[in-house]
Each structure stands twice: as C-alpha cells, then as structure tokens.
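quick one: sequence and predicted model below, then my questions.
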Number of protein chains: 8
Amino acid sequence: MSTKALIGIIMGSDSDLPIMKKAVDVCREFDVPFELKILSAHRTPDQHADWARNAASRGLKVIIAAAGMAAHLPGVTAAQTILPVIGVPMKGKSLEGNDALYSIVQMPPGIPVATVAIDGAKNAALLAIQILATADQNLQSKLIDYKKKIAVESMNKNSNLEY
Amino acid sequence: MSTKALIGIIMGSDSDLPIMKKAVDVCREFDVPFELKILSAHRTPDQHADWARNAASRGLKVIIAAAGMAAHLPGVTAAQTILPVIGVPMKGKSLEGNDALYSIVQMPPGIPVATVAIDGAKNAALLAIQILATADQNLQSKLIDYKKKIAVESMNKNSNLEY
Amino acid sequence: MSTKALIGIIMGSDSDLPIMKKAVDVCREFDVPFELKILSAHRTPDQHADWARNAASRGLKVIIAAAGMAAHLPGVTAAQTILPVIGVPMKGKSLEGNDALYSIVQMPPGIPVATVAIDGAKNAALLAIQILATADQNLQSKLIDYKKKIAVESMNKNSNLEY
Amino acid sequence: MSTKALIGIIMGSDSDLPIMKKAVDVCREFDVPFELKILSAHRTPDQHADWARNAASRGLKVIIAAAGMAAHLPGVTAAQTILPVIGVPMKGKSLEGNDALYSIVQMPPGIPVATVAIDGAKNAALLAIQILATADQNLQSKLIDYKKKIAVESMNKNSNLEY
Amino acid sequence: MSTKALIGIIMGSDSDLPIMKKAVDVCREFDVPFELKILSAHRTPDQHADWARNAASRGLKVIIAAAGMAAHLPGVTAAQTILPVIGVPMKGKSLEGNDALYSIVQMPPGIPVATVAIDGAKNAALLAIQILATADQNLQSKLIDYKKKIAVESMNKNSNLEY
Amino acid sequence: MSTKALIGIIMGSDSDLPIMKKAVDVCREFDVPFELKILSAHRTPDQHADWARNAASRGLKVIIAAAGMAAHLPGVTAAQTILPVIGVPMKGKSLEGNDALYSIVQMPPGIPVATVAIDGAKNAALLAIQILATADQNLQSKLIDYKKKIAVESMNKNSNLEY
Amino acid sequence: MSTKALIGIIMGSDSDLPIMKKAVDVCREFDVPFELKILSAHRTPDQHADWARNAASRGLKVIIAAAGMAAHLPGVTAAQTILPVIGVPMKGKSLEGNDALYSIVQMPPGIPVATVAIDGAKNAALLAIQILATADQNLQSKLIDYKKKIAVESMNKNSNLEY
Amino acid sequence: MSTKALIGIIMGSDSDLPIMKKAVDVCREFDVPFELKILSAHRTPDQHADWARNAASRGLKVIIAAAGMAAHLPGVTAAQTILPVIGVPMKGKSLEGNDALYSIVQMPPGIPVATVAIDGAKNAALLAIQILATADQNLQSKLIDYKKKIAVESMNKNSNLEY
C-alpha cells in the first residue's frame, strides 16, 4: 500500500492470519492504508515494544492486536502507546476462546483495550475505521453507506427463503 | 458543562451510576465535555433509539454504554450510529459478570462494540479519550502525562511497602 | 399460508434457518399459521422495531426470536411489544452457546423473554402453541394427542433395543 | 383470593419464597388470581404430579415453577401438563445460579419450559400475564399501561442524577 | 438374562445407548443380571414413576440412570425409591456436558444421586457392582481381580511405548 | 461409638468439619456406626493409603471423602479400595466449587467415585445409608420412614406461608 | 535482607500484597533471601522489562509474579528471562479468579509459566524453594522436614475433633 | 538414553503419549536425559507412590506429570516428593480441559504443582529445563540460544506473509 498506514494490525502468530485476513479485507474495502506484522508479546517482546512505542510517531492512529490463549499482545501494546488498541481474542484448541477473551478484556484500570468478539477480526477493523471516522468525513460517509448496505443485504435475504 | 458534549455516557439503570461515576471522573480529569443519561434498551427503546440515532449530529464523537445482565444497550446503540461505542459490562447478582460480558462483547460481524473489563468504567472513559486524542494533540499530551503519572505512582508504591 | 399468522418467527440471520426450520415444522404439524422473517437487531434495527411494534395489531399472538452470539433480538423484540416473546439461543462458533443463552435469558425486571434450550427451535414452537392453546380448545386437544404420541413413541423404543 | 386462580405458582422450598414474593406482587398488581404452593419434585413427587396433572382442569392457565440447584420442578411440571410452564432458576450457595439455569432451560425436544433470568420472579409473573393477555383485552391494556409506566419511571430517573 | 435383575439401567432416549452399552458390558463381565429400559422423565413421567416406585419390590438393588441436557431422570428416580441411584450425565450438543452434570449432581438435601463422570457409563456399572459387593463376597473377589487386572494392563503398557 | 464402624468419613482438613458435621448427624439419626478422620491425599498420603487399603478389612462398608480445591481425596481413596467411595466437593474461596466438583466427579474409567452436590454432606451420608440398606431391611424401613417424614414436612410448610 | 536475593517476588499492584505476604513468610521460614517489588506489565512496562531482563545477572534464580484480572505480569516476565517464572493468579472482583488463571496458565509454546492455585502465594514460594533445592542439599533437608511437619500437624488435628 | 535421567515424565495413560511426545522432543533437543513411564494415580497407586517416593534418590531433579479429567497424577506425585512437579492438564472429551486444569492447578497450601497450559507438553519440558538450568550454565546457554532462535523464527514469518 503506497500511502502511510493508519491502522496497524499485529498478531502473535501467522496461524492467526486466516482469521485476521477479514480485518485486512475491511481495510481494503474502506480504502484505509494499514500495515500488518507478526509480533509476539512472548517470543519477540523487545521488537514488539519498539514497534508499539513508535507506532504513533510513525503515523498509525489505531492498532488492532490479535492473540490466542494467554493473549497478552493487546494489553502489552496498550502499555506502550496512547493509541487506541483493539484486541481480538482468537479461539484456541481448548476453553472455547474464554482464555483469550478474559486475557484481553479484563485489563486493569489505567490501560484500556477495546475488545471485540472471539475471532471478531472483521469488527475489529470496522471499529478501527469508526475511530478514524470521528475525524474524517469521508470515512463517515463510507460507514453510513456500509450500514445501509448490510441492512439492505439483510432484508433481501427474506426474498428467497425456503422453508 | 458549558461546552458541547463529545462523549455520551448512557446506562441502563441508575443503579449503574456508582460504578459509572468513575467514567465521569476521568472525563472531568481530562476536561472533556460529556453528557450522561439513563436510557434502557428494554424499558425505553424508542427514546434510546432517538438518542443514539442523533448522537453524531448533536456533536458526540464517542459513546460509552453500560449495562448488566442481558446487556443489550451497547449493541443496540451501535446499531443506530456509526460512532464508536464502548461497552461496559456491569457485574450483576449472579454469574459473576459473564452474562453482561458475553452480551456485550460477542457482537455479530458488521456492528462492533469496543468492550472493556467488567465494571471497567474508568477504562471506558480513558478509551473514549484515546479515541478523541487520535485527532486532538492536546488530549494526546494529556494522555502521555497520564501514562507517566500512573507509572510514577506505581513505582512510588515501592518506597513504603511493609512486609 | 393463507390464514392470518398467529406466530411470528424471526431470526437474526438466514444461517439460523436450518435450526429454526424445526419450529416451522411444528407450526405446520399443528396447523397454526405463522410468518417467518430475517430481522436483525443490529443490522436492521428500525425495520425490526417496526415489525415488533406492529406485531400485535397485525394479529400475531406470540413471537419466536432466534439469535446467536450477543443475541439481542429476543430482548429488543420484547421491548417493543406486550406479546409473549420466546427466545431461542443459537450455538455459535465459540463459547458453546453460553453467550447466546446468557444474552437472552438474563433479561432485566420488567421485560421478560421466555427462553428455551440452546438450538431449541422445536420447543420454542411447542411453547408458542401451548400459549395459543390457553384460549383454544382445538389446540389443547392436539397438544394432549401430541403428548400421548411422544410417550408412545418413547415407550415403543424399548421393543427393538439391541445391546 | 376469592376468584378462581389462573396462575399457579409453585416452588421447591419455602426458602424460595422471599424471591418468589415478587411474582406474587405482580399478580396482585395486575389483579390476576393465583395460587401458591410448596411442592418438591424430589421430596413430594406424587403430590406434585397430582397437582400438575390436574392444574388445567382446575382452571389454571399458566404455571410458574421456581427451583434451585438441580432444579427439576419446572421440567417435571411440564411433563404432566400442556399448560405453559415458566421456570425460575434460583441462585444457590454455589455455581452462581448456573446449575439451576441449565437444569431448567436445557429441556429436551417435546417438553418446553419458558425460562426467565436467575431469580427472575418478577419477569416470570409478567410473562404469565402476557400469556393470559393473548386472550384478554383487559390485561392487554394493563400491560400497555405497565410498559408506559416503567418507561416514564426510567426516563424520570434522569431528572435528579447526581454525578 | 434369565436370573432376576439386580441392576436397573434406564436412559432418557435410545440415543444414549451407544454410551450406556459400556455399562451393559461391565454387568455382563461381572455376570450381574440387569434390566435396561428407555424411560423419560419428561415424555413418559408416569411409566417412569411406576417403574421407579416398584424397582425395589421387583428385586432391583441399584439403579443407573443416564440423561443429557436438563438431565432430570436420575433425580426423579431417586425421588421414587430408596435404592441407591447412580446418575450418568450425557454430553449433549452444547455446553460440553455441564448442563447434564449440574442437573444430576446438584441434588437438594434429602434425595441423593451418586453422580459419575460425563459419559461415565463404565464407572456407573462398576459403582453399582461395588454397591452390590458390600453384601456379596463373590463380587468382592471379582472386584479385587478386576482392580489387579487393570493395574497389570496399565503397567504393561510401559513395555512397548514408542517415543 | 461402641459398635464397629460401617461408614468411614474422611476429609482433607478440619476446616471441612462444619460442613461434614451434617453427614455425622445423619449417621447418628439412622443409628449407623461410623468413624471420622482427617486424612490428606497431599499432606499425609501414606497414612491415607494405609487407612484406605485396610478400610474393608476393618469392617467399613462405605467411605465418604470430602475435599476442596484440587480435591483428590475421594479419587485416591477409590484407588486403594473396592468399597464404594462417595465424594463431597467442598466450595472453596474461588471458582464457586467447580474445581472440587470436576476434580472428584471426572474420574477415569475403572475407578468410580459417587459424587454428590457441592457441600452436599447430608446427601453423602444418606447415600451411604442407602447403600448399606441394600442388604439391611431395618435400614430400608428407616429410609422409607425418612422419605415419608421429609414429604410430610415439605407439605406442612404450606400451612403457614405468608405472602 | 543482607545476602543476595535468590527469589524475586513481583506483583502488579500493592493491593496484591496481603495475599503475597504468605510467599514472603515462606521465604523467611526457609531463610532464603528474596526481593519484593511492585512492577506492572501495563503501567510500568519498561521498568518491568529492565528488571526482568537483568534478574538472572543480578543473581536471582527464580521469579514469582502475581497478578489479577488480565494477568500479564508472569507471562511478560517469562518473555524477558530464562529463569523459571512462577505465576500466581489473584482472585479479582468478578469471574472468581478464572480471568487471572487463564491469563497466566495458558501460555503459548516456547515461553512457560509455572502456575499455582488462585491466590496460591504460599505454594508459589514453596515451589520456588523446591526449584532452588534441586541444587541445594540444605534446602532439600528443610523441605523434607517441612513435609514431615505438615504431615504431623495434619494427623494431630485428629486428636481434638469435636463432632 | 545412556546417562542417568534428570527429568521424569509420567502420564496416566498411553493415550496421553501423542501430546506428551512434544515434551520428549524438547528433552532430546536440549540433550537432557529423561525417563518416561505410564503410571496411574488410580489404577496403579502403589507403583506410582514407589516411583515418586524414590524419584529423588534415583537422581531425578524434576518431574513432569500429565493427566486428563480428574487429573490427580501431578498432585499425588507432589505429595510423595520434594522435587518440583510440573503438571500438564490434558484436554479430554468434555469440559474443554477445565476439569484437568482445575484438578491440577488448585493444589492446597503446602504441596505445589507447577501447572502449564492445557496440552502444554512442550512448555512443561522447557520449564523443567529452566529449572535444571538454575544450576547448569550449559543449559542456561542453550536456553538463551533457544529464546533467540524462536524470536528469529517469529520475526522471519513476516517475510512471506500473503494477505
């Protein structure tokens, strides 16, 4: 993407990419430049801290961080930046996603993480765009159109129901 | 507050106010104008829909919605606006807050809610301010100062520990 | 169906239809006219509110609302009508249905939702018919017959057990 | 109460009465005759079966059954009658009400129980009245008034909020 | 089986039989006569109550009752007999067996059910035989042999491990 | 108690005694000799193994074992004896008793534990007596009387209800 | 403490100290030098990273890290050191400790945390001493004595039981 | 392995071996001699107790114990030794691993078990090696190299991401 990224998408492992691809698709649909990186709170803590610490100065406005199990990535990102951090809990092989959800949403007072649904990559990107839109009328229009579009799509499903 | 509100704080019941008061305190600490209202997704659905539908045009930039039990308020607010909606799950008399948490965070694709911790009113307001700060350098500075302040306070606790 | 619908069956998404088809089958088995619609509390809130607000005046007597994840559809339906609303929690991709169950059953005082089992579409329709039967002797007879039939079927299973 | 009871309220133990008293209050508020009885699925199964089997012929139209822990009362009542049965899970000393909730809501296909929130006695009675109202215009008017009243009460809470 | 049954095995549905077959196998392995029946607490409550009420007088000494979801069968059996009742929670399509487990194990004071693991049919039969063995030296010997056998089998697994 | 104990009651810690006292009371009510001991699967494993290994030869017929948290006592007792072992999960300071419940009930195939409700000491003793009664007509009569008594007590509660 | 600390005890907040005091007491009982510090993964991430990165070179052999809610402290400590890290989940105001437990124990492959029970400060210190004892015969003797002592104490509780 | 084992790996059943093979692989990767055995807390309690009691004198320094369901093996091992015991909860057929996790991690004060993630065999071995490394500079170097290697591998994943 040629223009400067506004949304940073990071994830703990490339195994999260198939799910997180939906966030990428939303960014592209709304034509919002983004960057995407594998960064682990546990395996590459210093590279992560550097990335998160400099995110704002490099022009990022919002960060989306996805992780599973003891999902620390969103929280430790929030610890290093004043940018809004959106956390996406990934469903793992056990506990039905409760581990990642609790690890991300239950942040202590002072350091918030904006948590979306388990495997909620699409909503993470939409939320990021809603945040950007608070200061961007063009994105506001796109969001209004998007909301209309999904309403129409939803209503249209009534035409061909077979039961 | 004399200036136009940027943050809307709504809650399902006035019994949520003692917890949500912490969000108010943060808004005041950062000098960000807000409005606060009791609006129920279930008891006053039309008044709520009106409020949410007009939130953006009245100048609000972010909405904080708190609710307990089958906590629908954040989700139905998000259904009516393109503003970012922050959901605060309130711990109720049973289920340890899991009911409100799941009811708020598990939003379907298309309509995100930025969920914070159970009873996480303070972080909800900080997140709202982080969102406003993406387009407000003054708030950015305040957030940087706040982050420094809580770091210092945290480190200072080491001086007088008795054990 | 030619006669005026007595039961309204709504669901958040057409992906709920394979499960909800069982409710349709029960309505047909008892020869009770129904209508079925995709209506989303989040994607089409206003169309939904209109539908729910007018449900009683259009002649509906009971509403069945199915939804998954942060399942708000039954609750916001109940907010708009004095008709009995039956909620069917749909099992989603994570959390084993607990998210939808809590989102539907934990309604606050004042606005009840009659919740059935996770994916309990068949029982939702039976409950709707029990409700109609409180003022319809023909349906009462059919329910008594149905109860006898499932008892006989259950006992008959003992004849050919292999073990 | 002099007129013939339309709603039967049963509970497994008199320790459930302080919570279930709220259901009684709603019946009185709506002037709907009811009867109330302690009947245990486990300690008095035959007396219970008799009561449930004859509930319809004695004129009852809806049954509210409350129980805690392995809460079988609503389910075994539903097994003996074609009347709609409303189940109220009572929070016990452990498991935060999950035991009673699952024991009541997860009924197998064929025998529904209309489950309300944990300790949701008030909503159980309101649901019973909604069911009666499907064939009673007077109760419909009262429910419409009730809905208006709680909306007004909810909105009025905004006048004196201190924060 | 020609001799009089000592163990009664009942289950709510024939879909439980593949799991409960393991209880049958244990009874056969220990040469303990048993009977097996489909009896539903919800679909055939009266047939069930008759069966349970007469279980002791027909010579049964222990009852094994299996059920899933809102698993009431063990509890309502215990309500009708002074025989020890062993409950087997069956894993259903959602909630990972927690619904059946809580519905069976959380019996109120006065009416115990001896609960085994989710889908624990084999242990249910072993427990029944342990109970019979409290007054049967032949079964005691068999149980001692069984315990030795599974210990030997367990230790023997060490000979051919590949890793 | 002068006669030889038939029921052995063990618990991991004397902090379990206030709850387990209810099991003692039931034994006394039914006049069944018992012994009671603090034995820890973790702190006194060898004393425990000795006790459990010799329980049968010393004349015990049934064992009740109570423990909290990672409640191993019932399971390791069952590993050392062919006597029926009844497990009582004790509610601890966190997790609402789920930890003890799962640790006791989820025994692997081959070694059953008869699990009762969380803090279900009374039912543990009643179950032990039901087991003894399978070979003791006197206890059978007492159990029949007990069942009648609690039924009468339950029905009598209807006389003085105030609501 | 004059000698060089072998065990580092850190916690996210001084509100954890009343619980973690039990770890201090065990260190003192075994005469093992330790240091204790408030360090937050979220409020003071850099000070924490420095501390953890230099823990080994300063002579620490084991680290105990306690945290509640989205308890990231143990995990991010393990990310910065090859020393064994023991995590203590603290019970918070909701979710019964499940949030902290999952956040600590569910570490991804490559970066282990040795997790103890919720609020298990005492065991954390005992585990740290067991680890030190693998290379310290004096500590081995003390642990053997400790094990004997708690066994004796446990058995002695049998002398004065009143029931 | 020719040299004397330092790590003992035990598991309740050979069905745990496919998961526990990952612990074996780590031991081999770090060239640390180990022994592996099937030992059941329930089926072979005495053989297990012997093994655990003599583990230290035979030269073992750390024990890894894996078990599922009511996973008692780690706890009863810890009861018999002062060696550090690492517990690996195995996900079973129901409850998503919560049963094994609670059964292992919730050890009572006095007898710790170092618990790793559900199915966390790899981390169990890494933790064992971290423990050995507290007194072995060669292993310390290897762990430092391992940490570098997984960091490099993690960062390298960024080169070929397709999205």
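That came in fine, so what should we check first?

what about the helices in chain A?
For chain A, the helices defined by DSSP state H cover A:17-29, A:45-54, A:73-79, A:98-105, A:121-133, A:137-156.

okay, the angle between the second one and helix H:137-156?
Per axes from the mean of the first three to the mean of the last three CA atoms, to 10 degrees, the angle that helix A:45-54 makes with helix H:137-156 is 40 degrees.

does any bit of helix A:45-54 sit next to chain B?
No: Helix A:45-54 stays out of contact with chain B when judged by CB under 8 Å from any CB of the partner chain, the minimum separation being 11.4 Å. C-beta: built from backbone N, CA, C; applies to glycine.

would that helix count as contacting chain G?
Yes: using CB under 8 Å from any CB, helix A:45-54 reaches chain G at A:45-46, A:49.

isn't A:Ile118 right up against A:Leu95?
No: assessed by CB atoms under 8 Å, A:Ile118 is found out of contact with A:Leu95, at 10.5 Å.

what parts of chain A come near chain B?
A:22, A:56, A:61-62, A:82-84, A:86, A:101, A:105-118, A:120, A:122-124, A:126-127, A:130-135, A:140, A:143-144, A:147, A:150.

just the buried residues out of these, in PyMOL syntax.
A single PyMOL command selects the buried members of the residues of chain A next to chain B (16 or more other CB atoms under 10 Å in any protein chain shown):
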select buried, chain A and resi 22+56+61+62+82+83+84+86+101+105+106+107+108+109+110+111+112+113+114+115+116+117+118+120+122+123+124+126+127+130+131+132+133+134+140+143+147+150
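
quick one: distance of stretch A:88-102 to the chain centre.
Relative to its chain's centre, stretch A:88-102 lies at 16 Å (CA atoms, centre = their mean, to the nearest Å).

before we move on, what about stretch A:149-157?
On the basis of CA atoms, centre = their mean, stretch A:149-157 sits 24 Å off its chain's mean C-alpha point.

that one and chain C, are they touching?
Yes: Stretch A:149-157 lies within reach of chain C by CB under 8 Å from any CB, at A:150-151, A:153-155, A:157.

ok so, going back, out of the residues of helix A:45-54 next to chain G, flag the one nearest to chain C.
The closest of those to chain C turns out to be A:Pro45 (CB to the nearest CB; 27.7 Å).

do you know the pLDDT at the closest one?
At A:Pro45, the predicted lDDT confidence score is 98.

ok, it - contacts?
Going by CB atoms under 8 Å, 6 or more residues apart in numbering or on different chains, A:Pro45 touches A:76, G:49, G:76, G:79-80.

now do A:Ala79
Contact partners of A:Ala79, counting by CB under 8 Å, 6+ apart, are A:52, A:111, G:41-43, G:45.

neighbours around A:Gly59, how many?
As a burial measure, A:Gly59 scores 13 neighbours (other CB atoms under 10 Å in any protein chain shown).

so what does it look like in phi/psi?
phi 110, psi -10 (degrees, to the nearest 10).

which residue comes closest to it once chain neighbours are left out?
In space, and not counting its chain neighbours, A:Gly59 is closest to A:Lys4: 4.7 Å by CB to CB, 6 or more residues apart in numbering or on different chains.

now the one you found: how far from H:Leu139?
Applying CB to CB, to the nearest Å, the value for A:Lys4 to H:Leu139 is 46 Å.

more neighbours, the two?
Neighbours were counted for A:Lys4 and for H:Leu139 using other CB under 10 Å; H:Leu139 has more, 21 against 10.

same list, the contacts of A:Pro45, but as JSON lines with pLDDT and distance to B:Ala71 please.
Output for the contacts of A:Pro45, formatted as JSON lines (pLDDT from 0 to 100; distance: CB to CB, whole Å):
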{"residue": "A:Val76", "pLDDT": "98", "distance to B:Ala71": "28"}
{"residue": "G:Ala49", "pLDDT": "98", "distance to B:Ala71": "36"}
{"residue": "G:Val76", "pLDDT": "98", "distance to B:Ala71": "31"}
{"residue": "G:Ala79", "pLDDT": "98", "distance to B:Ala71": "34"}
{"residue": "G:Gln80", "pLDDT": "98", "distance to B:Ala71": "38"}
